[in-house]
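>>> with the input below, show me the fold.
(one chain, ligands or ions: 2)
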Amino acid sequence: MKTIDVNGRTYRIPQEPTVVFTIDGGDPDYLDDALDRGIMPRLAAMLADGGQYCRGASEMPSLTNPNNLSIVTGAPPALHGIPGNYCRLEDGALELLNDPKFLRAPSIHAVLEQHGVPTLMVTAKEKLRRLLGHGGVPSVSVETAGETGLPEYGIPDLPQLLGTELPEIYDWNASHYAMRIGLAVYRARRDLRLLYVSLTDRVQHAVAPGDELSDRFLVEFDTILGEYLDEGFTVGITADHGMNAKHTGDGTPAVHYLADILEQAGVEVHDVVLPITDPYVRHHGALGSFAWIYLPDTEHARAREVLAGLSGIEEIWNRADAATVYEHPQDRIGDLAVTASAHVALGSRKRDHDLSALHGALRSHGGRHEQIVPLITSRPVFGPLAARYHAGVLRSRDLHDLVLNHLTDLDHETALAAAAAAS
Ligand code: ZN
Ligand code: ZN
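Numbers count the residues shown, from 1 in each chain. Ligands and ions are numbered 1, 2, ... in the order given. Next up, the predicted model:
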């Protein structure tokens, strides 16, 4: 059996087409509700036919960039170097972490490419494409597919290949277009072995499970999932993070503006850095449930006292402890790391957050309560990871390990018998 080693883990080189979908903001509540109401028949049939669905954990902070990178590298942020969408570097520069120069570990896909195994990364958001495509991985985003095409696979015009117009990034179906690109490229050249398709959380930021828009999103997801299954794909599904309402009963955002609060209390603050910050301000206004605070050593004790007095503050760690607890690179995180509860968001200064463009009342992520994600496979899980998987304690960064190394073979009779014997 041919294998590759990536970041200290060994993966079987897939012989059959394999795809991992990351539903951006795909809180398990969306899927559970949709399965309960029977609006995802292909997913339901996949699960009835030996597929598995357990919950697991994403990385902290529960944000897009750290988690997409952990999923494709199989490694924590401490190793891949991306602890946020945004951070402050050691020289004080504030940076969106979208550039491959910030990466410290290769993806599974990049190592497969080095071994001559064809792979593909498709994203809705361009911000992720450059990171995911690093190391010679053919990659395309819905945002820029119209200009770039996919030259690595000799496809100049993707809308022409798909036969449909490109959506805008804030359209409800930008995610489905990403899924359709993956399918169309596979059908154009049957040799692709590992695809990664990362969606956008535009819909999840806007509406809760059961909303008409959410249903439309999930029904279309299910339809395209069915097309992948019909093509013989082995499938893994996870999310980069969950999603929660962060507003009061009347729709007012529930936010602690930490720089304002600390300064009003007389605490000297150098910076409050919000790692959710990204180009998609209409999603969240840079408000999530995680913040880094930069301040003089002499101010730590008083800052902790002020923060502990705020309702909904759950964790306060100093840099060294945060690096251990969250598995973060010490040089890219704050002097203090702070998390908030499910329905509370953290801001910097009120005047710096523009909430006028939000799609609706604030729904966001970043804290512990959005760390729980679905881990779904199209076939039974067996072997040494099975017990941890079924106990709900695996991480999304383990999903490629599960899908490439720990699924029973394609013969369903054999597969089901093995699963029964293992339990
Ligand atoms: Zn996300
Ligand atoms: Zn988001």
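>>> is it true that Pro106 lies in a helix?
No. Applying DSSP: H, G, I helix; E, B strand; the rest coil, one finds Pro106 to be coil, outside a helix.
>>> for it, which non-adjacent residue is spatially closest?
Gly135 (5.2 Å; Cβ to Cβ, 6 or more residues apart in numbering). In this view, the C-beta of every residue, glycine as well, is placed from N, C-alpha and C.
>>> check what pLDDT the residue of the stretch 51-200 of the chain found nearest ligand 2 gets.
For the stretch 51-200 of the chain, the residue closest to ligand 2 is Thr64, as judged by Cβ to the ion, at 5.8 Å. For Thr64, the model assigns a pLDDT of 97.
>>> just Asp409 next, same as before
75.
>>> returning to what we had before: the residue nearest to Pro106 touches Ile108, doesn't it?
No. Using Cβ atoms under 8 Å as the test, Gly135 is too far from Ile108 to be in contact (10.1 Å).
>>> give me the more crowded residue out of these two.
Ile108 (25 against 16; other Cβ atoms under 10 Å).
>>> for that one, give me its contacts.
Ile4, Val6, Tyr11, Val72, Thr73, Gly74, Leu194, His400, Leu404 (Cβ atoms under 8 Å, 6 or more residues apart in numbering).
>>> looking at the residues you listed, spot the one nearest Leu262.
The nearest member of the contacts of Ile108 to Leu262, counting by Cβ to Cβ, is Thr73 at 35.0 Å.
>>> contact partners for the closest one?
Thr73 neighbours (Cβ under 8 Å, 6+ apart): Val6, Asn7, Leu79, His80, Ala105, Pro106, Ser107, Ile108, Arg397.
>>> for the residues you listed, pick the one with the most neighbours.
Counting by other Cβ under 10 Å, top hit in the contacts of Thr73: Ser107 with 30 neighbours.
>>> do you know how far that residue is from Asp99?
15 Å (Cβ to Cβ, to the nearest Å).
>>> with Arg363 instead?
28 Å.
>>> of these two, which one has the most company?
A count of neighbours by other Cβ under 10 Å puts Arg363 above the other of Arg363 and Asp99, at 25 against 12.
>>> wait, the more buried one touches Met243, no?
Yes. Counting by Cβ under 8 Å, Arg363 touches Met243, with 5.6 Å between them.
>>> find the residues that touch each one of the two.
The contact lists of Arg363 and Met243 share Gln204, His205, where a contact means Cβ under 8 Å, 6+ apart.
>>> how many neighbours does the residue lying closest to Tyr170 once chain neighbours are set aside have?
Sequence neighbours aside, Arg202 is the residue nearest to Tyr170 in space, at 5.8 Å (criterion: Cβ to Cβ, 6+ apart). The tally of other residues near Arg202 (other Cβ under 10 Å) stands at 26.
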